[in-house]
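Engineer: A predicted structure for the sequence below; I have some questions about it.
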Amino acid sequence: MEHPLAELFYAQMALIRRTEQTFFDLYAQGQIHGTVHTSIGQEATAVGVVNALDRTRDVIFSSHRAHGHFIAYCDDVEGLVAELLGRAGGVCGGVGGTQHLHTGNLYTNGVQGGIVPNAVGAALAEKLKQSGAIVVVFLGDGTMGQGVVYESLNLASLWALPLLFVLEDNQYAQSTHKQFEHAGNLADRPTPFQIDRTELTADDVLAVHDAARHAVATVRTTGRPYFLMLNTYRLAPHSKGDDMRSEEELAAYRARDPLQRLAATLPEAKRAAIDAAIEARLDAAVVQALAMPPQTLVSFRQQGGGWQR
Amino acid sequence: MEHPLAELFYAQMALIRRTEQTFFDLYAQGQIHGTVHTSIGQEATAVGVVNALDRTRDVIFSSHRAHGHFIAYCDDVEGLVAELLGRAGGVCGGVGGTQHLHTGNLYTNGVQGGIVPNAVGAALAEKLKQSGAIVVVFLGDGTMGQGVVYESLNLASLWALPLLFVLEDNQYAQSTHKQFEHAGNLADRPTPFQIDRTELTADDVLAVHDAARHAVATVRTTGRPYFLMLNTYRLAPHSKGDDMRSEEELAAYRARDPLQRLAATLPEAKRAAIDAAIEARLDAAVVQALAMPPQTLVSFRQQGGGWQR
Amino acid sequence: MTRATPHLTYVESLRRALAEIMADDPRAVVLGEDILDPYGGAFKVTQGLSTRFPERVFATPIAEASIVGVSVGLALRGFHPIAEIMFGDFIALGADQLINHAAKYPAMYNGAVQVPLVVRTPMGGGRGYGPTHSQSLERLFFGIPHLKLIAASHLHDAGALLKLAAADPEPVLFVENKLLYPLALHLSADGAVRSFATTLDRFGYPVTTATNYPAAQIPDVTVIAYGGMSRLVLPLFDEFAGEEIRVLACFPSCISPLDPAPLAEAAAASGRVIVVEESQTAFGWGAEVAAQLYAALGAQLHAPVQRLGAAPTVIPAAKSLEDQVLVSTAVIRDAVFELLRST
Amino acid sequence: MTRATPHLTYVESLRRALAEIMADDPRAVVLGEDILDPYGGAFKVTQGLSTRFPERVFATPIAEASIVGVSVGLALRGFHPIAEIMFGDFIALGADQLINHAAKYPAMYNGAVQVPLVVRTPMGGGRGYGPTHSQSLERLFFGIPHLKLIAASHLHDAGALLKLAAADPEPVLFVENKLLYPLALHLSADGAVRSFATTLDRFGYPVTTATNYPAAQIPDVTVIAYGGMSRLVLPLFDEFAGEEIRVLACFPSCISPLDPAPLAEAAAASGRVIVVEESQTAFGWGAEVAAQLYAALGAQLHAPVQRLGAAPTVIPAAKSLEDQVLVSTAVIRDAVFELLRST
Ligand SMILES: Cc1ncc(C[n+]2csc(CCOP(=O)(O)OP(=O)(O)O)c2C)c(N)n1
Ligand SMILES: Cc1ncc(C[n+]2csc(CCOP(=O)(O)OP(=O)(O)O)c2C)c(N)n1
Ligand SMILES: [Mg+2]
Ligand SMILES: [Mg+2]
């Protein structure tokens, strides 16, 4: 039986996967200047959570590994590709690049942990506006090392703010396994701040989505924070090629790839059609972005970096 | 029945109490420049804990409200009085003043929370040296708002360091009750980091001492951190005169004054003798300090603030 | 506008301005440690505010990074937060939020967002609070792009300046001074101040020029300074008037970024410049001022720019030491005499 | 001493020095994020270290304040920690620990303790990492009393410099540069470098002077810079030699506190000075250098000191923008020509 959301979610997840792979290709070709952190293997967390939100009003904060959140939120791969290629037509005019994205109500930044109090402030803003919106902040297992996260857990609970913490625990921070960075179970960290939590393995996007819908509804109705811990795995290197994990470990997780798992529930033809559409769209996005002029200092000064000497 | 430690502890607690009161007097007389945070009402935490330590090797970190810890540790009221009076003979030559004290293995600093990772580093140092020493860090309920405290809880547990956290919960941070600063019970905060804790009311110095001895022994034998939460109360203003608490609330806690409680277990004559000795000692300390020259820039440059222009 | 009368103190001016900002702007929000009534903040600048606007004044835990970080989030989402950091020394804990968040978002998102926040904080020594409660750490943020540093002296209408800062679309670090709080503002030619003028720099912030001689005359020396240094400079006016030394004092309020033009004009008037700042001089505010003045004025300067500030060490608690480590009226006086003697 | 050969790269020189420090000093401890083998740190400076000294190399959680704070505790208690902050941008998170802890304890305890720690971190842009991974935030700490800032250019023996820093009784922020890591050190008169000399400043740190002309001649222009700027300045040597423009480049390594004497000597040689830094010029390193040079040299300077650096905005990710926002060899070249044309 095909789940009513399976096709939609597959399309989003496959789009994320293929976009990330495209970035690796563009990086290898020397088209992408800098770095790129992909979410290959983690698509279920982005798609499962973001689709539980009200895109017309809810607010998202994320950090360096945000392409999946971005695409699930706004579908603007064209803007994202152009951004990573440093084009004027990128969502941030090429200024931000992979780690510093903004569109609509989504904000990302590259300093681990720093966005978390920003999300607290945003949640306070929505509460004061009585907008009914909630704020979601995505953070990684490694980022749970930053003290400001605990300041934020405390504030969100103390002030009863509509803030959903989503911990994407992919077990690693760059090269370091969480057992070398953390004492105890990360899922317990919110407890003393009186923030409830759900922990689940994020192989099945539909299960993630259910949990996220429950979490979002809880935050929206109680007006209080909630903590969703998603056990996931990144199938690609941390950024460009820096992978120290064993082939064995990787193989085990590849066998549990959430994209394949969902794909298996769809008729082959449907899947193929989606895949083909994605290929075509991405090819076009790359061609279009490469044809765009690079961002110029003049327009950057006019738009974002205005300064007077 | 007089407890074998009662006399010693009374002498220390009374010395702390009278020294703090002396500081208020000196402040009122305009002799103390700046500010002063006294530990009146909290003497049982300092005396109960510090006497559980091995003064020959253990290490103490504390912050702005450290006179009690200092006196219980080294008994050097003369050096402390001279320090607060800005004299060259002060323990830090008058440079540090009330909030920035150092003697032997005791270190204090005035930025809430900042000493906690320093204590972690010190504990790592003692572990590497295999000295058998433990480190104690005193912190307040308000200071539990600082993120760096949670980074430190994590590190101390992750690295299995001999570090005893002593939370002196006097319910207030400056003017703000902890219910306006903290979600949940502070005693639960160390739990997710797999740090065990004991919580107790610190009216009875002997009970505090027992708990502290247990905590110290646990840290020393396991080589792991421990968290001791002491519920106490400050009977004097936060610093100089800034008290917003109700007379009613204060009266209730005055009736539970740990110093009076201990005093009641001692024969009147013994107590009077101790009190008289303290008065004489403090009078002399003040006279002696006031007779000392103020610290000079020349000697400060030679000793601590050496700089080349 | 705050109606500043000569009798309004610096703290009262700021306090009234805060109340007026809150009354006029429903998006204004105030947060900080211990700011609720009856306490009303460690230096009482926020006193009365939580009583009048209970739903928009927030006491925070002791968590300076989050005080700034929460303000950034509020600002991104349409509010105008005014945060208080209890002592300026603790702004180091908010450095990442100010530099890598508040000041980054607008430009790195290519202009798509604004972060109109104000972080107010008292800087400065002289109260015997010792090494961690006496610094002038605004220096950390000099020259940080897209962050404004506004410093109120008591020659400025402090409250009006706070309102300007609150209306600025860029994030602002608003530097107050502990020793100025009780002083009456000095906003006109009055007493030893014989002329008093305010111009706007190219960022729209006031630059105050005061002299101890009638406007038409030419100064012997120009003193350029900011913030709490007004407390030290003003007492020299009377004394120097008696000795017929004409002093022009120039106090910009937007201290970073810096518009050198009004300073160069003030400096050119005498050709002899002393820059005074409360922090250590090395790599301080005066370094940029001096570099700018040399470039602008060249040979019009009769002598090297003198930079006065704290000795390069911690600020001790002991009064005997603090007085000597910090710059003082006496040090400025000596520097003026020395400068006049040598040129 | 590290035996630096001309073929040793900057990163290799640092890596060897770290290993030698660890081998020689049982109190040396290394800590930072992702520094364990096989990864060996984001920029590989610590590679091999954890294999050789497993008990004294610690991978930390992502917690920069604590990385510095733990180092302070270690140093107070007799160790010699060398901490790595993965990107210099994140040093803002350690600002309170550096300023209010590391640099305060010795002086505020009146000299009774020392805090001999080194915090190493790579600064600088040019790799397209964008606004939060490309800054040169050592500027925050310029002039902070009792804290040394040491910057290694590739005209310095980077490893030997790190050893000096590790032996310093004061806390040191050791500034590395991302783009220098793969470059071979350039430590002698060689190729376009016709003379190469190293003197020590009054703090005992090396100041390198290199010229593109034989030692006996007089330079046309003096370029004063530090750290990663050596990568931009050196390519001009050849080119200018062809045009018979004599360039003297002066690279101090102790950039704060600053000993102005060797810089003044280098500046006096030509009377024309360009200061280059990677960060924004306003309130930057060049401001202090310029102020010092004017004071020292006065009319010996034939032209105002030129200060070159980044545009006053964020450092964009897009290469087209990054190249223009950051200072470049081209910008320095133009400034040299302009300076020579105008004087
Ligand atoms: C404050 C800070 N420190 C270090 C880094 C460098 N860094 C980038 S990603 C990363 C690992 C993050 O791990 P985690 O939070 O688990 O997220 P993941 O990469 O697994 O998605 C590190 C250390 C950073 N960006 N910010
Ligand atoms: C980082 C920092 N923020 C603010 C302060 C100002 N301050 C000094 S003591 C204090 C309250 C501390 O409360 P708590 O930790 O409960 O200790 P207590 O005063 O009750 O002993 C505050 C806010 C400070 N010293 N450091
Ligand atoms: Mg991770
Ligand atoms: Mg308290």
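Structural biologist: Great, that's in hand. Ligands and ions are numbered 1, 2, ... in the order given.
Engineer: just the helices in chain A please.
Structural biologist: For chain A, the helices defined by DSSP state H cover A:6-28, A:43-50, A:67-74, A:77-84, A:115-129, A:147-158, A:205-222, A:247-254, A:258-263, A:268-291, A:297-303.
Engineer: Nearest to chain D among these would be which one?
Structural biologist: Proximity of the helices of chain A to chain D was assessed by C-beta to the nearest C-beta; the nearest stretch is helix A:297-303, lying at 4.6 Å. (Each C-beta comes from the backbone N, C-alpha and C, glycine too.)
Engineer: coming back round to it: any idea which of the helices of chain A scores lowest on pLDDT?
Structural biologist: Note on the helices of chain A: helix A:297-303 shows the lowest mean pLDDT, a mean of 89.
Engineer: Packing partners of that one?
Structural biologist: Where contact means 3 or more C-beta pairs under 8 Å, 6 or more residues apart in numbering or on different chains; DSSP states H and E, helix A:297-303 is packed against helix D:319-325.
Engineer: Can you tell me how far C:N100 is from C:G73?
Structural biologist: In this view, C:N100 and C:G73 are 14 Å apart by C-beta to C-beta, to the nearest Å.
Engineer: Let me have the helices of chain A in a markdown table, adding mean neighbour count as columns.
Structural biologist: Shown next, in a markdown table, are those (neighbours: other C-beta atoms under 10 Å in any protein chain shown):
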| stretch | mean neighbour count |
| --- | --- |
| helix A:6-28 | 20 |
| helix A:43-50 | 30 |
| helix A:67-74 | 26 |
| helix A:77-84 | 25 |
| helix A:115-129 | 27 |
| helix A:147-158 | 28 |
| helix A:205-222 | 19 |
| helix A:247-254 | 12 |
| helix A:258-263 | 20 |
| helix A:268-291 | 14 |
| helix A:297-303 | 17 |
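Engineer: Next, the nearest residue to C:A282 once chain neighbours are set aside: secondary structure please.
Structural biologist: If the residues on either side of it in the chain are set aside, C:A282 comes closest to D:G143, at 4.1 Å by C-beta to C-beta, 6 or more residues apart in numbering or on different chains. The three-state assignment at D:G143 reads coil, by DSSP: H, G, I helix; E, B strand; the rest coil.
Engineer: hmm, back to that, and of the helices of chain A, who's closest to ligand 3?
Structural biologist: Ligand 3 sits nearest to helix A:43-50 of all these, at 11.3 Å, using C-beta to the ion.
Engineer: how about the strands of chain C, start to end?
Structural biologist: Taking DSSP state E as the criterion, chain C carries its strands at C:28-32, C:57-59, C:80-84, C:118-123, C:148-151, C:172-177, C:195-200, C:206-211, C:221-225, C:247-252, C:254-256, C:273-280, C:306-310.
Engineer: Just grab the bridge partners of the spatially most central residue of chain C for me.
Structural biologist: For chain C, the residue nearest the mean C-alpha position is C:A151 (1.8 Å; C-alpha atoms, centre = their mean). Taking DSSP bridges, one obtains C:V175 as the residues bridged to C:A151.
Engineer: C:V175 is in contact with that one, correct?
Structural biologist: Yes - C:A151 lies in contact with C:V175 (C-beta atoms under 8 Å); the separation is 4.1 Å.
Engineer: intersection of neighbour lists for these two?
Structural biologist: C:E138, C:G227, C:I255 (C-beta atoms under 8 Å, 6 or more residues apart in numbering or on different chains).
Engineer: For these, give me a markdown table that also has pLDDT, neighbour count and distance to chain A.
Structural biologist: Below are these laid out as a markdown table (pLDDT from 0 to 100; neighbours: other C-beta atoms under 10 Å in any protein chain shown; distance: C-beta to the nearest C-beta, whole Å):
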| residue | pLDDT | neighbour count | distance to chain A |
| --- | --- | --- | --- |
| C:E138 | 98 | 26 | 20 |
| C:G227 | 98 | 28 | 23 |
| C:I255 | 98 | 26 | 16 |
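Engineer: I'd like those residues as TSV, with distance to D:G41 appended.
Structural biologist: What follows is those, written out as TSV (distance: C-beta to C-beta, whole Å):
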residue	distance to D:G41
C:E138	34
C:G227	42
C:I255	39
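Engineer: Which of those residues sits closest to ligand 2?
Structural biologist: Comparing the shared contacts of C:A151 and C:V175 against ligand 2 with C-beta to the nearest ligand atom picks out C:E138 as the nearest, at 16.9 Å.
Engineer: Run through the residues of chain A sitting next to ligand 1.
Structural biologist: Proximity of chain A to ligand 1, by C-beta under 6 Å from any ligand atom, involves residues A:64-65, A:110-112, A:140-143, A:170, A:172-174, A:238.
Engineer: burial of A:P267, as a residue count?
Structural biologist: By other C-beta atoms under 10 Å in any protein chain shown, 10 other residues sit near A:P267.
Engineer: Give me the residue ranges of the stretch 1-150 of chain C where confidence is low.
Structural biologist: Across the stretch 1-150 of chain C, the ranges flagged by pLDDT under 70 are C:1-6.
Engineer: Contacts only, for C:V331.
Structural biologist: Contacts for C:V331 (C-beta under 8 Å, 6+ apart) come out as C:L308.
Engineer: For ligand 2, what's the nearest residue on the stretch 1-150 of chain C?
Structural biologist: Across the stretch 1-150 of chain C, the shortest distance to ligand 2 (C-beta to the nearest ligand atom) belongs to C:F90, at 4.3 Å.
Engineer: before we move on, the earlier item: tell me which of the helices of chain A approaches ligand 2 most closely.
Structural biologist: For ligand 2, the closest of the helices of chain A is helix A:147-158, at 11.8 Å, according to C-beta to the nearest ligand atom.
Engineer: What helices and strands are in contact with the closest one?
Structural biologist: For helix A:147-158, the packing partners by 3+ C-beta pairs under 8 Å, 6+ apart come out as helix A:115-129, strand A:163-169, helix B:147-158, helix C:64-76.
Engineer: can that helix be found next to ligand 2?
Structural biologist: No - judged by C-beta under 6 Å from any ligand atom, helix A:147-158 stays clear of ligand 2, getting no closer than 11.8 Å.
Engineer: who wins for most neighbours among the residues of chain A next to ligand 1?
Structural biologist: In terms of neighbour count, A:G110 stands highest of those at 29 neighbours, by other C-beta under 10 Å.
Engineer: So which bits of chain C are right by ligand 2?
Structural biologist: Taking C-beta under 6 Å from any ligand atom as the criterion, chain C approaches ligand 2 at residues C:E33, C:I62, C:E64, C:M86, C:F90, C:L93.
Engineer: Is it correct that the first one is in contact with C:A59?
Structural biologist: Yes - in this structure C:E33 lies within contact range of C:A59 using C-beta under 8 Å: 6.9 Å.
Engineer: that older thread, for the residue nearest to C:A282, give me its contacts.
Structural biologist: With contacts defined as C-beta under 8 Å, 6+ apart, D:G143 is in contact with C:R139, C:S279, C:Q280, C:T281, C:A282, C:F283, C:G284, C:P312, D:S256, D:P257, D:E288.
Engineer: Now it: phi and psi?
Structural biologist: Per-residue torsions, D:G143: phi 80, psi 0 (degrees, to the nearest 10).
Engineer: Can you tell me how far it is from C:Q135?
Structural biologist: Separation of D:G143 from C:Q135 (C-beta to C-beta) stands at 12 Å.
Engineer: Contact partners for A:F165?
Structural biologist: A:F165 makes contact with A:V116, A:V137, A:L139, A:L153, A:A156, A:P190, A:I195, A:P225, A:Y226, A:F227, A:L228, according to C-beta under 8 Å, 6+ apart.
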